[in-house]
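# next comes the sequence, and after it the predicted model I'd like to discuss.
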Amino acid sequence: MIAVQDIPVQAPQRRPEWLKVRAPGGESFENLKRLMRSKSLHTICEEANCPNIAECWGRGTATFLIMGDTCTRSCGFCDVKTGMPSPLDWAEPMRIAQAVTQMQLKHVVITSVNRDERPDGGAPIFALCIRAVRRVKPDCTIEVLVPDFKANSSALEIVMREDPEILNHNVETCRRLFKAVQPQDNYEWAMATLRNAKAIRPGAVTKSGMMLGLGETSEEVLEVMRDLRACDVDILTLGQYLQPSKNHLPISRYYEPAEFDEFRKAGYALGFKWVESGPLVRSSFRADFQARALSPRWRTGKAHTDGQVRTEMSVESLR
């Protein structure tokens, strides 16, 4: 197994011009931030300092981080703190739904910390969030960016039976670097999660992504892409890894925009239906376009209505 110290590191250099973006701001942006705080909600847009936050929020999309701000895993690229999380907040799904309404979102991405202290990984909260958003804003498309649930297909099924427009699980890096980058994760768990999503709900739209610049080779990127296609993944995102702090994994190198273009072409050649590949691409980048273009429901123009909201499972049964 490769160790963190074995990841090749380039000499320190200035961030390339193509990675520089203007800091978000303005009255509308600050109002949205205050709304998040007033409902005790977190967005990964803010937590990860996403470079696309102003564009996405302005277009009516946002990514919510549920189940707290403490993760049971300690991935070397992630700035979310590690530890024992607080108990699940079963009122959180309704606050998410209220925020979606108040922000007038057209598309929402719901992701989470890992909750390995629970056998179901917190899957019921995902299900309740989908249901709550659909109840108050049925025309809002939904993507869930889920953990691997340790390849627990029963936990995944709780999420999949709610029929999100997109089921996303990011593989993040290549097989060789996987344990150095995500020490408590497993490459096979990642692939099993994506494969099982299709088995549980044939026709579901699935998605995965990688960060480039951790020491992988171009051939290893292509190998991951082939593995994802073998799991019938529909959407691929590729972006440049940016080190959150000196305590996180170092950047091996910066990829040129032209290299991302070549990976995009390779992705389409392999059969992905949608590929976002560029230095500033993040997992949720243009997710609203993907949902409306690829989801069977939206391709046919049949959005969710109140009558289609699932009600047979109570909150108590999901706990």
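Ah, there it is. Worth saying up front: this structure is predicted, and the values here are computed from it rather than measured.
# chain center to stretch 218-234, what's the gap?
17 Å (CA atoms, centre = their mean, to the nearest Å).
# same question, stretch 166-186
With CA atoms, centre = their mean, you get 12 Å for stretch 166-186.
# going forward, the N-terminal residue is numbered 124.
Understood, numbering begins at 124; the last thing we discussed is stretch 289-309.
# what mean pLDDT does it have?
Over the span of stretch 289-309, the pLDDT mean works out to 95.
# same check on stretch 405-416?
Stretch 405-416 comes out at a mean pLDDT of 89.
# first to last residue in that stretch, what's the distance?
19 Å (CA to CA, to the nearest Å).
# for that stretch, buried residues please.
By 16 or more other CB atoms under 10 Å, the buried positions in stretch 405-416 come out as 405-411, 413-415. In short, each C-beta sits where N, CA and C put it, glycine included.
# repeat for stretch 390-408
Buried residues in stretch 390-408, defined by neighbour count with 16+ other CB under 10 Å: 390, 393, 395, 397-408.
# how about the helices of the stretch 274-423 of the chain, start to end?
276-283, 301-304, 310-323, 341-353, 380-393, 410-417, 419-422 (DSSP state H, counting those that start in this stretch).
# comparing the ones you listed, which yields the minimum mean pLDDT?
For the helices of the stretch 274-423 of the chain, where the average pLDDT is lowest is helix 419-422, sitting at a mean of 72.
# tell me the buried residues in that helix?
420-421.
# chain center to it, what's the gap?
Per CA atoms, centre = their mean, the centroid offset for helix 419-422 relative to its chain is 21 Å.
# which secondary structure elements does that helix sit against?
helix 410-417 (3 or more CB pairs under 8 Å, 6 or more residues apart in numbering; DSSP states H and E).
# just list what the helix it packs on packs against, helices and strands only.
strand 230-235, strand 264-268, strand 289-291, strand 397-400, helix 419-422.
# same list (these) but as CSV, adding distance to residue 258.
Below are these laid out as CSV (distance: least, CB to CB, whole Å):
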stretch, distance to residue 258
strand 230-235, 13
strand 264-268, 12
strand 289-291, 19
strand 397-400, 28
helix 419-422, 16
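# got the CA positions of stretch 268-283 in PDB?
Output of stretch 268-283 as PDB, limited to C-alpha atoms (Å, rounded to 0.1, in the frame of the first residue of the first chain):
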ATOM      1  CA  LEU A 268     -23.900  12.700  -3.200                       C
ATOM      2  CA  VAL A 269     -23.700   9.800  -0.900                       C
ATOM      3  CA  PRO A 270     -20.900   8.100   1.100                       C
ATOM      4  CA  ASP A 271     -20.100   4.500   0.200                       C
ATOM      5  CA  PHE A 272     -22.100   3.100   3.200                       C
ATOM      6  CA  LYS A 273     -19.300   0.500   3.400                       C
ATOM      7  CA  ALA A 274     -21.000  -1.100   0.300                       C
ATOM      8  CA  ASN A 275     -24.100  -1.800   2.400                       C
ATOM      9  CA  SER A 276     -26.700  -2.300  -0.400                       C
ATOM     10  CA  SER A 277     -29.600  -2.200   2.200                       C
ATOM     11  CA  ALA A 278     -28.600   1.300   3.300                       C
ATOM     12  CA  LEU A 279     -28.200   2.400  -0.400                       C
ATOM     13  CA  GLU A 280     -31.700   1.000  -1.100                       C
ATOM     14  CA  ILE A 281     -33.200   3.300   1.500                       C
ATOM     15  CA  VAL A 282     -31.900   6.300  -0.600                       C
ATOM     16  CA  MET A 283     -32.600   4.800  -4.100                       C
END
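# contacts for that stretch?
186, 232-239, 242-247, 249-250, 253, 267, 290-293, 308-309, 311-313, 315-316, 319-320, 322-324, 327, 406-407, 441 (CB atoms under 8 Å, 6 or more residues apart in numbering).
# swap in stretch 331-340?
With contact meaning CB under 8 Å, 6+ apart, stretch 331-340 is reached by 130-131, 200, 291-297, 299-300, 304, 313, 317, 344, 347, 351, 356, 358-364, 372, 374-378, 383, 386, 406.
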